[in-house]
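Enquirer: Sequence and predicted model, in that order:
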Amino acid sequence: KAYCVIIVLNLRRAAPATMAAGKAGDDNFDYGSMPLEYRDTCSHLLRPLNLCRRETYYMPWKCTHERHAYEKCQYEQYLKRRRAALEAQFERELQRSDAAQQQQP
């Protein structure tokens, strides 16, 4: 099956993609036990998800709320990165077209 995703550009500037205060930046959170590739703005949702998975022996029908919250956070972060990439591409193309217009006699 093919899925179609429509990305709507919201041109309002969002806050920088840093760790959310009080969530991923929690002082009580032990980052030493988490692999580097999972330390992102959604890591505050990954810890309860992994705890629930271990407690329920990784049953696929368990921990659905935690899994959904983590996957939604990951998807929203993907959309923010994609939106930033599209805006950067638009700016580059705009600068390129301006430069081309200035070179024409």
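Expert: Ah, there it is.

Enquirer: How about the contacts made by residue 72?
Expert: For residue 72, the contact set (C-beta atoms under 8 Å, 6 or more residues apart in numbering) is empty. Just so you know, the C-beta spots here come from the backbone N, C-alpha and C atoms, and that holds for glycine as well.

Enquirer: should've said residue 45
Expert: Counting by C-beta under 8 Å, 6+ apart, residue 45 has contacts 66, 69-70, 73.

Enquirer: buried residues in stretch 61-73?
Expert: Within stretch 61-73, the residues that qualify as buried by neighbour count (16 or more other C-beta atoms under 10 Å) are 63, 66, 69-70, 73.

Enquirer: Residue 85: which of those residues is nearest?
Expert: Closest approach between those and residue 85, by C-beta to C-beta: residue 73, at 19.0 Å.

Enquirer: Excluding chain neighbours, give the residue nearest to that closest one in space.
Expert: Counting by C-beta to C-beta, 6 or more residues apart in numbering, residue 73 lies nearest to residue 42, which is 3.8 Å off, once chain neighbours are set aside.

Enquirer: Tell me how many other residues crowd that neighbour.
Expert: Residues near residue 42, counting by other C-beta atoms under 10 Å, number 22.
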